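In: Generate coordinates for the sequence data below:
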Amino acid sequence: MRRPASLVEVAAQAESLKEFGEAVVEFLDQFYIEKDGSMLAQEPPSLRTRLNDHGVADAYLAAVAVHLSRSIGNAPPPWTWEPGRFLHHPWFASPGASLRATLLLESPAAFRERNLFVSRNALERA
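Out: Sure thing, here's the model as predicted:
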């Protein structure tokens with residue numbers, strides 16, 4: 001798999017939730033090398049139907065774009081504020097109830113805004 005150079009390419013490579021996660025990680029590696037806001041600018045197509053995930057991947061891509069835009073001092077792309085990029089019900093990165101309180105506290109703002117609850121270091125790469 002070629003490393004995605006944009007979130008559009010992440011969406012194109014995602015035929016399953018597993019592939020989506022792998023593509024996001026590969027994209028993060030590339031983004032942290034380039035730190036180029038244009039990698040976030042174009043709106044990725046919706047994955048709701050393809051991944052049958054109730055919009056989690058769509059909201060996740062928007063959260064990634066907002067978080068990374070803010071990290072390099074850019075305004076987030078307009079597409080990240082579209083209604084389909086927010087969840088109506090909370091989604092937790094860990095299914096276990098014991099970690100939910102931690103995820104509620106740690107989740108970066110761009111994720112919390114979209115009802116996604118992930119660990120503090122969800123977008124960090126070694």
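
In: Any chance you could list what contacts stretch 26-44?
Out: Contacts with stretch 26-44, where a contact means C-beta atoms under 8 Å, 6 or more residues apart in numbering, come from 1, 3-11, 58, 61, 64-65, 68-69, 72, 74, 76-77, 79, 82, 123, 125. Bear in mind the C-beta positions are built from the backbone N, C-alpha and C, glycine included.

In: got the residue ranges for the strands in the chain?
Out: 91-92, 116-117 (DSSP state E).

In: Tell me which of these is the most buried.
Out: strand 116-117 (a mean of 24; mean count of other C-beta atoms under 10 Å).

In: can you give me how far it is from the chain middle?
Out: The gap between where strand 116-117 is centred and where its chain is centred comes out at 10 Å by C-alpha atoms, centre = their mean, to the nearest Å.

In: and if you look at stretch 12-21?
Out: For stretch 12-21, the separation from the chain centroid amounts to 12 Å (computed by C-alpha atoms, centre = their mean).
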